[in-house]
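**Student:** sequence first, predicted coordinates after that:
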Amino acid sequence: MHAILDIFDILRTYGLQLLIGEFPHGPLGGLSLTLILAVTGLVCAFPLAVLFGIARTSTVRWVAWPAGAIVHTLRGLPVLMLIFWAYFIVPLLTGKSISGTTTVICALVAYETAFLGEVIKAGIQAIPQGQVEASRSLGMSYFTTLREVVLPQALFNMIPSILNQLISLIKNTSLAYIISVNELTYAAYQVNAQLLTKPFQVYFLLAMTYFVLCYLLSSLVGLAERRIKLKRQFRSL
């Protein structure tokens, strides 16, 4: 009971710090920055993932093989390693120092491009080949068939998987803590450093925040799956 009261006391005292960091008197942080990192990573990676998904399904070897090599390399590396690489390599390539937030976004985009590209590849391959052949027989080019027939259906069917990737990204943003980006985990670390005597309460609150957020998004995934299933059934009538 005392631990529960401590958690409410931490929320009352440090809740705003966990939610928005030092904003508006300083940089945005906490849960708000966690969501910004995850959503920005997904949005920026999406067009690249579409290109990689198309390349992975191409029958042209010099297109499919390099795309496959890049995807498998990125998928085989831990996100933490990508963050370290972005932290040290991007400044070398650009000649300028970049913020920790930008570093994490670059790493998450690379990570998400590989995983989401495979999701889109699976969505493209799931489209019945008869639809592709029918489109080509009507005189549509390869790219027109992709744009008008294949991709709209594939991306619609992949909405639940894309949302699952957002959940994965939200959890992976916690690794930004290692380079002192003030997202939710680092904000909790700062709160714990101020309190010193209540690590269980602070990190339990952190865990529950991630759980509730991911659970809500998982519920949204379930809703999207049901809507897609109903639409498929309606089309089959």
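**Tutor:** Received it, and whenever you're ready, just let me know what you need. Numbering: from 1, shown residues only.
**Student:** give me the below-cutoff pLDDT ranges for the chain.
**Tutor:** 1-3, 232-237 (pLDDT under 70).
**Student:** please enumerate the strands of it.
**Tutor:** Taking DSSP state E as the test, none of the chain falls into strands.
**Student:** wait, residue 120 sits on residue 155?
**Tutor:** Yes: here residue 120 reaches residue 155: they are 7.2 Å apart, a contact under Cβ atoms under 8 Å. Every residue, glycine included, has its C-beta placed from N, CA and C.
**Student:** of those two, which one has the most company?
**Tutor:** Legend: neighbour count by other Cβ atoms under 10 Å for residue 120 and residue 155, higher for residue 120 (24 against 17).
**Student:** mind listing what that one touches?
**Tutor:** Going by Cβ atoms under 8 Å, 6 or more residues apart in numbering, residue 120 touches 49, 50, 52, 53, 54, 154, 155, 158.
**Student:** which residue sits closest to it, ignoring its sequence neighbours?
**Tutor:** residue 53 (3.1 Å; Cβ to Cβ, 6 or more residues apart in numbering).
**Student:** and that neighbour, how far is that from residue 172?
**Tutor:** To residue 172, residue 53 is 20 Å away according to Cβ to Cβ, to the nearest Å.
**Student:** the two: which is more packed in?
**Tutor:** Shown here are residue 53 and residue 172; by other Cβ under 10 Å, residue 53 has more neighbours (26 against 22).
**Student:** re earlier: what's the overlap in contacts for residue 120 and residue 155?
**Tutor:** residue 50.
**Student:** which ones are touching the residue nearest to residue 120?
**Tutor:** 116, 117, 118, 119, 120, 121, 123, 124.
**Student:** closest to residue 40 among these?
**Tutor:** Residue 40 lies nearest to residue 116 out of those, by Cβ to Cβ, at 13.9 Å.
**Student:** in contact with the residue lying closest to the closest one once chain neighbours are set aside, which residues?
**Tutor:** Spatial nearest neighbour of residue 116, chain neighbours left out: residue 49 (3.7 Å); criterion: Cβ to Cβ, 6+ apart. For residue 49, the contact set (Cβ under 8 Å, 6+ apart) comprises 112, 113, 116, 117, 119, 120.
**Student:** wait, residue 191 sits on residue 10?
**Tutor:** Yes: contact criterion Cβ under 8 Å: residue 191 and residue 10 qualify, at 6.8 Å.
**Student:** find residues that contact each of these two.
**Tutor:** Contacts common to residue 191 and residue 10, judged by Cβ under 8 Å, 6+ apart, are residue 202.
**Student:** before we move on, the earlier item: which ones among the contacts of residue 120 map onto helices?
**Tutor:** 49, 50, 52, 53, 54, 154, 155 (DSSP state H).
**Student:** who's in contact with residue 182?
**Tutor:** Listed by Cβ under 8 Å, 6+ apart, the contact set of residue 182 reads 21, 22, 27, 29, 30, 33, 190.
**Student:** switch these over to CSV; also include neighbour count.
**Tutor:** Compiled in CSV, the contacts of residue 182 are given as follows (neighbours: other Cβ atoms under 10 Å):
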residue, neighbour count
21, 22
22, 15
27, 14
29, 24
30, 27
33, 25
190, 20
